[in-house]
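1. sequence plus the predicted model coming up.
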Amino acid sequence: MAASPILEINNVHASYGNIKALKGISLKVMEGEIVSIIGANGAGKSTALMCICGIVPVSEGDVRYQGASILQTAAEKLPIMGLCQVPEGRRIFPRLSVKENLILGAFYRRDNDEIDNDIERVFSYFPVLKERFDQHGGTLSGGEQQMLAIGRALMSRPKLLLLDEPSLGLAPMIVQRIFEIIEEVNKKDGVTVLLVEQNANLALQSSVRGYVLETGSVTMEDDAELLLNNQEIRKAYLGE
Amino acid sequence: MDVFIQQVINALTLGGLYALIALGYTMVYGVIQLINFAHGEFFAAGGYIGVLLLGVMGGMGYMETHPWLCLSISLVLTMAYCAFLAMGVERIAYKPLRKQTRLAALISALGMSIFLSNGMMLARGPLDQPYPLQYSSGGFEFGLITINNLQIVIWVLTAVLLVGLNILVFKTRIGMAMRATAQDKVMSSLVAISANKIIALTFAIGAGLAAAAGIMVGLYYGSVRYDMGFVPGIKAFAAAVLGGIGNITGAMIGGFIIGTVEVFGAAYISGEYKDVFAFIILIAVLYFKPTGIMGENIDDTRV
Ligand SMILES: Nc1ncnc2c1ncn2[C@@H]1O[C@H](COP(=O)(O)OP(=O)(O)OP(=O)(O)O)[C@@H](O)[C@H]1O
Ligand SMILES: [Mg+2]
């Protein structure tokens, strides 16, 4: 696909106290790709995304975004550069309204007219959010919150979108819809996507490439199609 | 009946002042879960800087010609000064401890409180600093009830500040960012909100409001003292807890309740015990409903 890597992670280590969560992982995402990271519980997937976003400190190694190291960049500067995450558990602001959650997604932007347009666009993806516009985020159902979390992320007009288990706890219908939207955003707006998923089947079907993370290390990386057909992967992550 | 109405007037005045101070406690708690024991000192510093500025302007002769302009300028400068003071205190005494236990920051706050109030004593001596009396002359009388100009000014100013704060917190982008930071700091940094800036702003706003209250207290009671932050500080803290700490509307309501109880307690029960009523309320709230009247279930207006 496209030529230059938008994201490069080189030999990244990270720990929580004396728990080593990442033991030197490396991965690369090219502009325009959808790439997934799959792996069991506790493998370090969420930690990897939090390291990229400057929330969990990297103890060794480097994270490069659009060609430059972002290790020294404050976490709150990254969304302005187009790097945006929908974190695990959605993390909707519970006592802010749906409207306010969406507006905050565009917090760094000053183009108010465009922000209004983008809110309309989020509604076109997730019409239910329009009905819930003035309701507190914390009162939405899990699925609605996931939609809001993705909508909020889109409000920042990301170049690289990190998604941590967008399908978690959702009905199959909604999961299907969310993956459709991820693909649409990727194709239409050219948003690059790095996807963390337990639902390896679905994730790999949408992706061009995939990485397998096991207890803090990358144990496999390949084209998504090849991973989908790999016997070991099918046994370990696709429940066969 | 006249006495009663007079007490209502006094209660409104005092309650508004407690409300202004209580907001600083509740906002800081809402955003970083710290009880800022040095907050009363911002109130005292406001009273101090205010009297200093009025004195300077008096020395230049402007107090006779433009008393209200002098007061307005002093108020604005004092609020700004205390806002910066609070940001400095946060930077020096709390920010380095943000990742440590809450107890560390709490002790640091106590230290700051002692440091600031002693600083004020060293700067101006331990005696009362008299405020100019000219503002309280004039007003209205209805039978035995009097409302002087100063009370009206205090009401109007308090109302403007309380309404202004509500607009800021609940209607503006920056207020939205403040509430978001209070609710989830990691997520707010993922939407490009700088927690450091929001925390500094929260301290600045809280101290600015307390400083305004400090000037008004100086005008109302005629003088300020270096240690005047302590008792009103604890009463305002009681008001914040009564309202549900972290809840902005709660702090305002709490302030008015504490003011009312104090004024009526002093008038109808015992004037000597006037400082005790707030603490009785504090203990009762902590015992029966630690989350306060606006806590937990009616949670709309938490920061
Ligand atoms: N805040 C934390 N404090 C201490 N240890 C943590 C913390 N967060 C994660 N860990 C540990 O780091 C390791 C990796 O966790 P991480 O959340 O990255 O896994 P994950 O792959 O996202 O798992 P899951 O699929 O369950 O979300 C785990 O062993 C976990 O216990
Ligand atoms: Mg995870």
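-> Received the coordinates, thanks. Ligands and ions are numbered 1, 2, ... in the order given.
2. ok, the nearest residue in space to B:Tyr94 that is not next to it in sequence - contacts?
-> The shortest distance from B:Tyr94 to any non-neighbouring residue, by Cβ to Cβ, 6 or more residues apart in numbering or on different chains, is to B:Ala105 (5.4 Å). Bear in mind the C-beta positions are built from the backbone N, C-alpha and C, glycine included. By Cβ atoms under 8 Å, 6 or more residues apart in numbering or on different chains, B:Ala105 lies in contact with B:Leu34, B:Ala93, B:Tyr94, B:Leu97, B:Arg98.
3. give me the pLDDT value at the closest residue to B:Leu69 other than its chain neighbours.
-> For B:Leu69, ignoring the flanking residues on the chain, the nearest one in space by Cβ to Cβ, 6+ apart is B:Tyr62 at 7.5 Å. On the pLDDT scale, B:Tyr62 is placed at 88.
4. wait, isn't B:Tyr62 in contact with B:Leu71?
-> No. Applying Cβ atoms under 8 Å, one finds B:Tyr62 not in contact with B:Leu71, separated by 10.6 Å.
5. where do the strands of the stretch 151-300 of chain B begin and end?
-> Assigned by DSSP state E, counting those that start in this stretch, the strands in the stretch 151-300 of chain B fall at B:223-224.
6. mind jotting down where the helices sit in it?
-> B:173-183, B:185-190, B:195-221, B:230-243, B:248-268, B:276-288 (DSSP state H, counting those that start in this stretch).
7. scan the chain for its longest helix.
-> In the absence of a named chain, this looks at chain A. The single longest helix within chain A, with elements called by DSSP state H, is helix A:172-189.
8. ah, I was thinking of chain B
-> helix B:2-32.
9. helix or strand next in line after it, which one?
-> As assigned by DSSP states H and E, the chain's next helix or strand after helix B:2-32 is helix B:39-59.
10. just list what that next one packs against, helices and strands only.
-> Packing partners of helix B:39-59 (3 or more Cβ pairs under 8 Å, 6 or more residues apart in numbering or on different chains; DSSP states H and E): helix B:2-32, helix B:67-89, helix B:102-124, strand B:129-130, helix B:195-221, strand B:223-224, helix B:230-243.
11. rebuild those as TSV, extending it with mean pLDDT.
-> Shown next, in TSV, are these (pLDDT from 0 to 100):
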stretch	mean pLDDT
helix B:2-32	93
helix B:67-89	96
helix B:102-124	93
strand B:129-130	92
helix B:195-221	96
strand B:223-224	94
helix B:230-243	94
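12. which residues touch the residue most central in space within chain A?
-> Taking Cα atoms, centre = their mean, the centroid of chain A lies closest to A:Leu163, which sits 1.6 Å from it. Contact analysis of A:Leu163 by Cβ under 8 Å, 6+ apart lists A:Gln85, A:Val86, A:Ile150, A:Ala153, A:Ile182, A:Val193, A:Leu194, A:Leu195, A:Val196.
13. that one bridge partners, please.
-> A:Val86, A:Leu195 (DSSP bridges).
14. that one and A:Glu225: what is the separation?
-> For A:Leu163, the distance to A:Glu225 (Cβ to Cβ, to the nearest Å) stands at 20 Å.
15. circling back to that earlier point, may I see the helices of the stretch 151-300 of chain B organised as a markdown table, with distance to ligand 1 and mean neighbour count added?
-> What follows is the helices of the stretch 151-300 of chain B, written out as a markdown table (distance: least, Cβ to the nearest ligand atom, whole Å; neighbours: other Cβ atoms under 10 Å in any protein chain shown):
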| stretch | distance to ligand 1 | mean neighbour count |
| --- | --- | --- |
| helix B:173-183 | 18 | 21 |
| helix B:185-190 | 11 | 22 |
| helix B:195-221 | 18 | 25 |
| helix B:230-243 | 31 | 26 |
| helix B:248-268 | 30 | 23 |
| helix B:276-288 | 32 | 15 |
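16. next, the closest residue to B:Asn148 other than its chain neighbours: phi, psi?
-> Excluding the flanking residues, the one nearest B:Asn148 by Cβ to Cβ, 6+ apart is B:Gly139, at 3.4 Å. With angles defined as degrees, to the nearest 10, B:Gly139 sits at phi 150, psi -160.
17. let me know how buried B:Gly139 is, in neighbour terms.
-> If you count neighbours by other Cβ atoms under 10 Å in any protein chain shown, B:Gly139 ends up with 12.
18. any figure for the gap between it and B:Gln7?
-> On the measure of Cβ to Cβ, B:Gly139 and B:Gln7 end up 17 Å apart.
19. identify the residues contacting the lowest-mean-pLDDT helix or strand in chain A?
-> Lowest by mean pLDDT, DSSP states H and E among the helices and strands of chain A is helix A:231-237, with a mean of 81. Helix A:231-237 has contacts (Cβ under 8 Å, 6+ apart) with A:Ile38, A:Gly39, A:Ala40, A:Ala200, A:Val212, A:Met220, A:Leu227, A:Leu228, A:Glu240.
20. number of residues surrounding the fourth one?
-> Neighbour count for A:Ala200, taken as other Cβ under 10 Å: 24.
21. can you tell me which residues contact it?
-> A:Ala200 neighbours (Cβ under 8 Å, 6+ apart): A:Ser36, A:Ile38, A:Ile233, A:Tyr237, A:Leu238.
22. tell me which of those residues is nearest to chain B?
-> Nearest to chain B out of the contacts of A:Ala200 is A:Ser36 (Cβ to the nearest Cβ; 20.2 Å).
23. is the strand or helix carrying the closest one positioned near ligand 2?
-> Here A:Ser36 sits within strand A:34-39, counting by DSSP H and E. No. For strand A:34-39 and ligand 2, the contact criterion (Cβ under 5 Å from the ion) is not met; the two come no nearer than 8.9 Å.
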